[in-house]
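Visitor: Quick one: sequence plus predicted model below, questions after.
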Number of protein chains: 2
Amino acid sequence: MIRISIDAMGGDVGPEVAVAGAAQALTRHPDISYILYGQQSVIEPLLASYPKLKDQARIVDCEIAVGMDEKPSQALRRGRNVSSMWRAIEAVKENESDVAVSAGNTGALMAMAMFCLKTMPDIDRPAIAGIWPTLKGESIVLDIGATIGADAKQLLDFALMGGAMARALFELKKPTVGLLNVGVEEVKGVEQVKEAGKFLREADIDNLDYAGFVEGDDLGRGTVDVFVVEGFTGNIALKTAEGTARQIAQYLRSAMSRTLMSRIGYLFARGAFQMMREKLDPRKVNGGVFLGLNGIVIKSHGSTDAEGYASAIEVAYDMVHNGLQAKIQHDLSEYHARNESPMGPEAA
Amino acid sequence: MIRISIDAMGGDVGPEVAVAGAAQALTRHPDISYILYGQQSVIEPLLASYPKLKDQARIVDCEIAVGMDEKPSQALRRGRNVSSMWRAIEAVKENESDVAVSAGNTGALMAMAMFCLKTMPDIDRPAIAGIWPTLKGESIVLDIGATIGADAKQLLDFALMGGAMARALFELKKPTVGLLNVGVEEVKGVEQVKEAGKFLREADIDNLDYAGFVEGDDLGRGTVDVFVVEGFTGNIALKTAEGTARQIAQYLRSAMSRTLMSRIGYLFARGAFQMMREKLDPRKVNGGVFLGLNGIVIKSHGSTDAEGYASAIEVAYDMVHNGLQAKIQHDLSEYHARNESPMGPEAA
């Protein structure tokens, strides 16, 4: 059984999407059991449409819901111990669930997750890992917005955690890991990226294949399984790619509807366009994974629908099922056993 | 007459592209005169095919060409005073030309440009500004890779220089300027971005409309005319967008050739796809502008063809024709007259 706690009040839409998404994920993974945190009077009637989900879910009534625009500090003050978001996370801490999922506001969710679960012993700062569709399939990109201005040690931690996640998600033995930089030559880039590259080259981790520096255009190519980057740049890269995809989709829509010939062409190629849409469907890669905490928390996109929410739940499922936390702990211990000082042999 | 000096040896292909590009730009702007720096024995025969260009160009023989993989320091050692790249830039310094264009390696070009032209009196560090195609048309993005780790004062300089460039390139009276950040709320983001935002809000520049923080997905939308970002993140954002565009083009190609129906559809919609290709044609927005130096230098993409090279020359033409340097100087003086200390009123 995989036990998943859901902050049913989070997201732009709220419980309808969370409940429908939970039901959808359950049809594909019948071994999920849920705890749904939120307003019982709202959630209970929704369950009526999903008899299977009703059997596998228990509702915990919470009066407080964290707002999508609430600042993290305000959310913590108002929602600590009592909000649906807090309690979904706390269930992981209390070992009532294996993983928490929320579509609530990212800043508040990260603040509560850090406050409640705390970072793992060897980890300074958490990261959010995203799943990036590439020409080869999928890659993991972290950090996409948790830690602004990561130093070399933190980038190294991100590499280790991202590698463990790639093993859990893609079931790879030895994922390739690259550091995002502004050039592939060893001399280029910011000091902390160069230093992290040195650590990774010297670290010699069994489960990780360090591939050196990679650039922004390697993301779409899927050059490596794991792209490591500091959170400010990672967040801007992610949103730039999303924006570019929307921009091109918009170009394509106007081009295809402009003339009679292109409209006829569209009719013939409808299947191809459907395939494109599926390739670019952001719902299919929904689910940011909070890494580096004593427990797994998954952030679903706030504006997603039931299918997107189900994807986030399925990422949560995979992370638990494939032992993400144990893999992270294993890689961290291996690294530290081989490199006495946490800053690598050079600093010892 | 607009006088343009060309480093004819730069780029992956070399003089063929530079000469053909110069000829093409000349047909659209007959008031250009060129100085072509490079190996006379190679360039002279190429001019035979372009009689108009031959009339408007003079060749300056240079033995040394900077290699595409040469490190900036090495390029400076070997090519200072003697290489085609150096001499094309020096022509601007000596007022023999109004602007220099090169498709040579960016690091070497920036190093030589800084060494030869020096930064403008009020500017600490130069920036490279790129032209970004958006749903609204085009925006300017800077810095895309000259200055890694810009501080608040440098971001402010980038905003002023980018605003001046938008006035020169788009002929706008009061371009909108946004700071790239990880969230639009005033509280988010790195310290230097927040501080730059404060400077810009308080600066009250006549020629510039500060629009606050913008995010990565605003780039494709064209939310503002000028996007300001530190060079590491800017470079990764640019390459991420290029990579995403290539990725989607690849998806589209395979989708359209997969079935007979889609191939028929493609034939009907050929005009629409041609329009798409033109929208996404990187040659049309070729030309990175080095800002903040005592003279204008334009970097063309190393792998572009004659049409792309002509675009870079036309950016050079527009920058001179519309008085970019005078506009930058005007805005810098205005800012400093109103804000005694270069760090803004707060630091005074």
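Guide: That came through, no problem.
Visitor: dump the residue contacts of the closest residue in space to A:Glu171 that isn't next to it in sequence.
Guide: Sequence neighbours aside, A:Asn322 is the residue nearest to A:Glu171 in space, at 6.9 Å (criterion: C-beta to C-beta, 6 or more residues apart in numbering or on different chains). C-betas here are computed from N, CA, C, even on glycine. When contacts are counted by C-beta atoms under 8 Å, 6 or more residues apart in numbering or on different chains, A:Asn322 is found next to A:167-169, A:171.
Visitor: neighbours of A:Arg258, just the number please.
Guide: Other residues lying near A:Arg258 total 14 when counted by other C-beta atoms under 10 Å in any protein chain shown.
Visitor: Any figure for the gap between the nearest residue to it once chain neighbours are set aside and B:Met256?
Guide: Closest residue to A:Arg258 apart from its sequence neighbours, by C-beta to C-beta, 6+ apart: B:Ala272 at 6.2 Å. If you measure B:Ala272 against B:Met256 using C-beta to C-beta, to the nearest Å, the figure is 11 Å.
Visitor: Which positions in the stretch 101-250 of chain A make contact with chain B?
Guide: For the stretch 101-250 of chain A, the residues found near chain B under the criterion C-beta under 8 Å from any C-beta of the partner chain are A:107, A:134-135, A:145, A:148-149, A:180, A:182, A:187, A:189-190, A:215-221, A:229, A:231-233, A:235-248, A:250.
Visitor: Let's see the PyMOL selection covering just the buried ones among the residues you listed.
Guide: Buried residues within these, by 16 or more other C-beta atoms under 10 Å in any protein chain shown, are selected in PyMOL with:
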select buried, chain A and resi 107+134+145+148+180+182+189+190+215+216+217+218+219+220+221+229+231+232+233+235+236+237+238+239+240+241+242+243+244+245+246+247+248
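Visitor: Mind checking which of the residues of the stretch 101-250 of chain A next to chain B land in helices?
Guide: For these, the ones inside helices are A:107, A:216-221, A:231-233, A:235-248, A:250, with DSSP state H as the criterion.
Visitor: Please enumerate residues in contact with the helix or strand of chain A with the lowest mean pLDDT?
Guide: Every helix and strand of chain A was ranked by mean pLDDT, DSSP states H and E. The lowest is helix A:270-279, at a mean of 83. Contact partners of helix A:270-279, identified using C-beta under 8 Å, 6+ apart, comprise A:133, A:256, A:266, A:284, B:248, B:251-252, B:255-256, B:258-259, B:261-262, B:265.
Visitor: Buried members of the residues you listed into ChimeraX, please.
Guide: Command for ChimeraX, covering only those of these found buried under the criterion 16+ other C-beta under 10 Å:
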select /A:133,256,266 /B:248,251,252,255,256,262,265
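Visitor: can I get the contacts of helix A:270-279 in CSV with pLDDT and distance to B:Val66?
Guide: As requested, those are exported to CSV (pLDDT from 0 to 100; distance: C-beta to C-beta, whole Å):
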residue, pLDDT, distance to B:Val66
A:Pro133, 92, 39
A:Met256, 85, 45
A:Tyr266, 84, 49
A:Lys284, 78, 46
B:Ile248, 89, 35
B:Tyr251, 87, 38
B:Leu252, 86, 38
B:Ala255, 85, 42
B:Met256, 85, 41
B:Arg258, 83, 45
B:Thr259, 87, 49
B:Met261, 84, 52
B:Ser262, 85, 46
B:Gly265, 86, 48
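Visitor: and which of the contacts of helix A:270-279 is nearest to B:Lys93?
Guide: Out of the contacts of helix A:270-279, the one with the shortest distance to B:Lys93 is B:Ile248. That distance is 43.0 Å, counting by C-beta to C-beta.
Visitor: what about chain A, any weak spots by pLDDT?
Guide: Under the criterion of pLDDT under 70, the regions of chain A flagged as low confidence span A:184-188, A:340-348.
Visitor: can you tell me which residue is nearest the centre of it?
Guide: Most central residue of chain A, judged by C-alpha distance to the mean C-alpha position with C-alpha atoms, centre = their mean, is A:Gly288 at 1.6 Å.
Visitor: returning to that earlier point: how close does the residue nearest to A:Glu171 get to chain B?
Guide: Between A:Asn322 and chain B the computed distance is 27 Å (C-beta to the nearest C-beta, to the nearest Å).
Visitor: just A:Pro175 next, same as before
Guide: Applying C-beta to the nearest C-beta, the value for A:Pro175 to chain B is 20 Å.
Visitor: Next up, the contacts around that residue.
Guide: A:Pro175 is in contact with A:162-163, A:166-167, A:207-209, A:224-226, counting by C-beta under 8 Å, 6+ apart.
Visitor: domains of chain A?
Guide: Each domain of chain A is listed here as a residue range: A:2-117, A:127-282+A:329-347, per automatic domain parsing.
Visitor: First-to-last residue distance for the first one?
Guide: Put plainly, it is domain A:2-117. With C-alpha to C-alpha, to the nearest Å as the measure, the first residue of domain A:2-117 is 19 Å from its last.
Visitor: what's the answer for stretch A:65-85, then?
Guide: End-to-end for stretch A:65-85, by C-alpha to C-alpha: 7 Å.
Visitor: from the contacts of A:Asn322, which is closest to A:Lys153?
Guide: Of all the contacts of A:Asn322, A:Arg167 has the smallest distance to A:Lys153: 21.7 Å, by C-beta to C-beta.
Visitor: what helices or strands is the helix or strand encompassing that closest one leaning on?
Guide: With elements taken from DSSP states H and E, the one containing A:Arg167 is helix A:152-170. Contact analysis of helix A:152-170 by 3 or more C-beta pairs under 8 Å, 6 or more residues apart in numbering or on different chains; DSSP states H and E lists strand A:127-133, strand A:138-142, strand A:176-180, helix A:191-203, strand A:226-228, strand A:288-291, helix A:306-321, helix A:324-338 as its packing neighbours.
Visitor: between it and helix A:306-321, how many degrees?
Guide: 100 degrees (axes from the mean of the first three to the mean of the last three C-alpha atoms, to 10 degrees).
Visitor: and the contacts of helix A:270-279, which of them are in helices?
Guide: Among the contacts of helix A:270-279, the members falling in helices (DSSP H) are A:256, A:266, B:248, B:251-252, B:255-256, B:261-262, B:265.
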